[in-house]
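[1] Pasting the sequence and the predicted coordinates here, then a few questions.
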Amino acid sequence: MAFRNCKLTCAIVLPVGKKGCVVQEPVTRLCPGDRVQLDVDRIHKIYTDLGPTRAEDVICRAIEEMALRLFRSDGLWTTRDTERLGTCLRALIAIADQVGMLSITQVARDVQIALSRKDEPAIAATLARLRRVGESSMTNIWDIGNLSG
């Protein structure tokens, strides 16, 4: 995972006697920028085997199903329904693997590992990463598909 530095200026109030002292300080905020990996050969094979119209239909349905599972995973974690979250992640991995979304597959497996360890901060962090990677992957797959036709 790569990080961009996003410079911010923040006002900090420091207590000084009965009065407060405002100090302007630059603060560096790390903005995660996950790199997305797609299996270009698998995506091209889908387009070659099915043709552009059917391939786009298949990929579109896969994206819809993955988006639904990403949304559900957040809700399941909020309610701490870890059993159903695990099931949701397994389905997400299967779909992502079929259409060559390697990053989604890997990060969803990372969430599964955190779940198996019952590591709540790690679960929350990897789910946040899964959302970011999911959004990027689902956007980037269309660029590869467009190259095939």
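    Yes, it's here.
[2] rest of the way, CA atoms for contacts and neighbours
    Noted.
[3] Would you map out the domains in the chain?
    Domains of the chain are assigned by automatic domain parsing as 2-32, 35-148.
[4] Double-check that Leu38 belongs to a helix.
    No - Leu38 is assigned coil when assessed by DSSP: H, G, I helix; E, B strand; the rest coil, not a helix.
[5] and the closest residue to it other than its chain neighbours, how many neighbours?
    Leaving aside its sequence neighbours, Leu38 sits nearest to Met101 (Cα to Cα, 6 or more residues apart in numbering; 4.8 Å). By other Cα atoms under 10 Å, the residues close to Met101 number 25.
[6] ok, now how distant is Lys118 from Arg72?
    19 Å (Cα to Cα, to the nearest Å).
[7] Of the two, which one has the most company?
    Of the pair Lys118 and Arg72, Arg72 is the one with more neighbours under other Cα under 10 Å, namely 16 against 12.
[8] ok, the more buried one - contacts?
    Cys88 (Cα atoms under 8 Å, 6 or more residues apart in numbering).
[9] Assumed Ile93 was part of a helix.
    Yes - Ile93: assigned to a helix according to three-state DSSP.
[10] Go ahead and confirm it touches Val107.
    No - look at Ile93 against Val107 with Cα atoms under 8 Å: they stay out of range, at 9.2 Å.
[11] follow-up on the earlier one: need phi/psi at the residue nearest to Leu38.
    Main-chain dihedrals, Met101, degrees, to the nearest 10: phi -90, psi 80.
[12] which ones are touching it?
    Met101 makes contacts with 37-39, 137, as judged by Cα under 8 Å, 6+ apart.
[13] Including neighbour count, could these go into JSON lines?
    What follows is those, written out as JSON lines (neighbours: other Cα atoms under 10 Å):
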{"residue": "Gln37", "neighbour count": "18"}
{"residue": "Leu38", "neighbour count": "21"}
{"residue": "Asp39", "neighbour count": "16"}
{"residue": "Ser137", "neighbour count": "22"}
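[14] so which of the domains of the chain is the most packed in?
    Comparing those by mean neighbour count (mean count of other Cα atoms under 10 Å), domain 35-148 comes out on top with a mean of 17.
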